[in-house]
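J.: Here is my input, please return the structure:
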Amino acid sequence: MAALHVSPLEKKTAEQKGKLVFEDEASFRQDSTLYRTWSRVGQQPLVAVTGARESAKIFGCVEVYDATFVYDDDEVFNGGKYVDFLDGKMAPCFYRPGRKVIYIHDNASYHKEQEVQEWFHTNRKWLEVEPLPA
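T.: The predicted structure is shown next:
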């Protein structure tokens, strides 16, 4: 049975026998959080903590139709690290000669940095970037 509605990007992807890839980032805090707990009266439980406030930062993308997933972790989110992810993980995973990748990402500030825009421009023969609406 045919789909009732096919978005323009899905149609373009099908016509070009390409890939439709969504990208996003996530940050996971890894610091200790203490809550209330039950204990015997007068015997406060001791919870060992490091006192460190760290986080794990992850870049990741997934192809819509075959669910291919690639990710990389880093210490910070910035244009240079994003280009490293694009060049080192995303492109090798999704680029195929003669096929277009339609790449959808959000409007993170570093996505608009000159280094990132230059990378997109250099790879425009196989990559079409579609930012999400603001």
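
J.: wouldn't residue 87 be in contact with residue 119 here?
T.: Yes - assessed by Cβ atoms under 8 Å, residue 87 is found in contact with residue 119 at 7.1 Å. Yep, even glycine has a C-beta here, placed from its N, CA and C like the rest.

J.: quick one, which of the two is more surrounded?
T.: residue 119 (20 against 13; other Cβ atoms under 10 Å).

J.: mind checking the SS state of that one?
T.: helix (DSSP: H, G, I helix; E, B strand; the rest coil).

J.: what comes into contact with stretch 7-22?
T.: Stretch 7-22 is contacted by residues 6, 61-65, 90, 94, 96, 99-105, 130 when judged by Cβ atoms under 8 Å, 6 or more residues apart in numbering.

J.: Kindly write the ChimeraX command that selects the buried subset of those residues.
T.: Buried residues within those, by 16 or more other Cβ atoms under 10 Å, are selected in ChimeraX with:
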select :61,63,90,94,100,101,102,103,104,105
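
J.: For this structure, which segments count as helices?
T.: Counting by DSSP state H, one finds helices in the chain at the ranges 8-15, 79-85, 91-94, 114-122.

J.: now for those helices, which one comes closest to residue 70?
T.: Among these, the nearest to residue 70 by Cβ to Cβ is helix 91-94 (4.4 Å).

J.: Could you report the neighbour count for residue 18?
T.: Neighbour tally, residue 18, other Cβ under 10 Å: 22.

J.: next one: residue 39
T.: 9.

J.: Adding mean pLDDT, write the helices of the chain out as JSON lines.
T.: Below are those laid out as JSON lines (pLDDT from 0 to 100):
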{"stretch": "helix 8-15", "mean pLDDT": "82"}
{"stretch": "helix 79-85", "mean pLDDT": "96"}
{"stretch": "helix 91-94", "mean pLDDT": "96"}
{"stretch": "helix 114-122", "mean pLDDT": "97"}
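
J.: now, of those helices, which is deepest in the fold?
T.: A comparison of the helices of the chain by mean neighbour count, using mean count of other Cβ atoms under 10 Å, puts helix 79-85 on top with a mean of 18.
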